[in-house]
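> Structure here, sequence nowhere to be found:
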């Protein structure tokens, strides 16, 4: 049974492109239709539980299915099966990058990937901001004034003094906690 669990989740992990939400139908087909390990109702409950728990949805799904089928060893087997393909692909890509990073074409690819990552982050920011504006939520009473000051201050500290980002994050969190304790 453990071998079946591992192989099923290796298959899912190998074919899961486009993020967890794009992979949910693949998981459903394998778990409910092909293997019959869960009913549609159980799978729906699994998705609801995945949404409530922190962590990647695909890995959470694998862990929950494995746990249901074979306890702790099933959870470990399913989780390992789910992450093996992405680990192998990442190792291959890292070795290719290390070998060819000096080639101008590889530098062009990396620059393009950086631009795409920035564009994705910025588009998410814009989508949230526009949603906030259309809902009328962005009012003076809802604006976090502390954030308006700490964001540029943190950016300045990171750029000018090259402070470790972990310290900046912890400092901003501590500052926010202190302000919340004394001024609310």
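Nice, thanks for sending it over. Predicted, not measured: the structure shown is a model, and the values here were computed from it.
> For stretch 35-51, list every residue counted as buried.
Using 16 or more other CB atoms under 10 Å as the test for burial, stretch 35-51 gives 37, 38, 43, 46, 47, 50. Bear in mind the C-beta positions are built from the backbone N, C-alpha and C, glycine included.
> Hmm, the first one is touching residue 69, no?
Yes: contact between residue 37 and residue 69 holds when scored by CB atoms under 8 Å: they sit 5.8 Å apart.
> all helices of this structure, in order?
2-15, 20-28, 40-52, 57-100, 104-135, 145-160, 165-182 (DSSP state H).
> Domain map for the chain?
Per the record, the chain has its domains at 2-100, 102-137, 144-184, by automatic domain parsing.
> Could you tell me how many residues sit around residue 127?
10 (other CB atoms under 10 Å).
> OK, contacts around it?
Residues near residue 127 by CB atoms under 8 Å, 6 or more residues apart in numbering: none.
> Near residue 16, how many other residues are there?
Residue 16 has 19 nearby residues by other CB under 10 Å.
> Would you check how far apart it and residue 29 are?
12 Å (CB to CB, to the nearest Å).
> With mean pLDDT added, can I get the helices of the chain in TSV?
Below are the helices of the chain laid out as TSV (pLDDT from 0 to 100):
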stretch	mean pLDDT
helix 2-15	93
helix 20-28	81
helix 40-52	85
helix 57-100	93
helix 104-135	77
helix 145-160	85
helix 165-182	87
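> Quick check: phi and psi at the residue nearest the centre of the chain.
In the chain, the residue lying closest to the centroid (CA atoms, centre = their mean) is residue 56, at 5.5 Å. Main-chain torsions, residue 56, degrees, to the nearest 10: phi -60, psi 130.
> Among the domains of the chain, show me which one is buried the most.
A comparison of those by mean neighbour count, using mean count of other CB atoms under 10 Å, puts domain 2-100 on top with a mean of 16.
> centre of the chain versus it, how much separation?
Centroid separation between domain 2-100 and its chain, computed with CA atoms, centre = their mean, to the nearest Å, is 14 Å.
> do stretch 146-160 as well
Taking mean C-alpha positions (CA atoms, centre = their mean), stretch 146-160 and its chain are 25 Å apart.
> which residues are in contact with that stretch?
By CB under 8 Å, 6+ apart, the residues outside stretch 146-160 that reach it are 163, 165, 168, 171, 172, 175, 176, 179.
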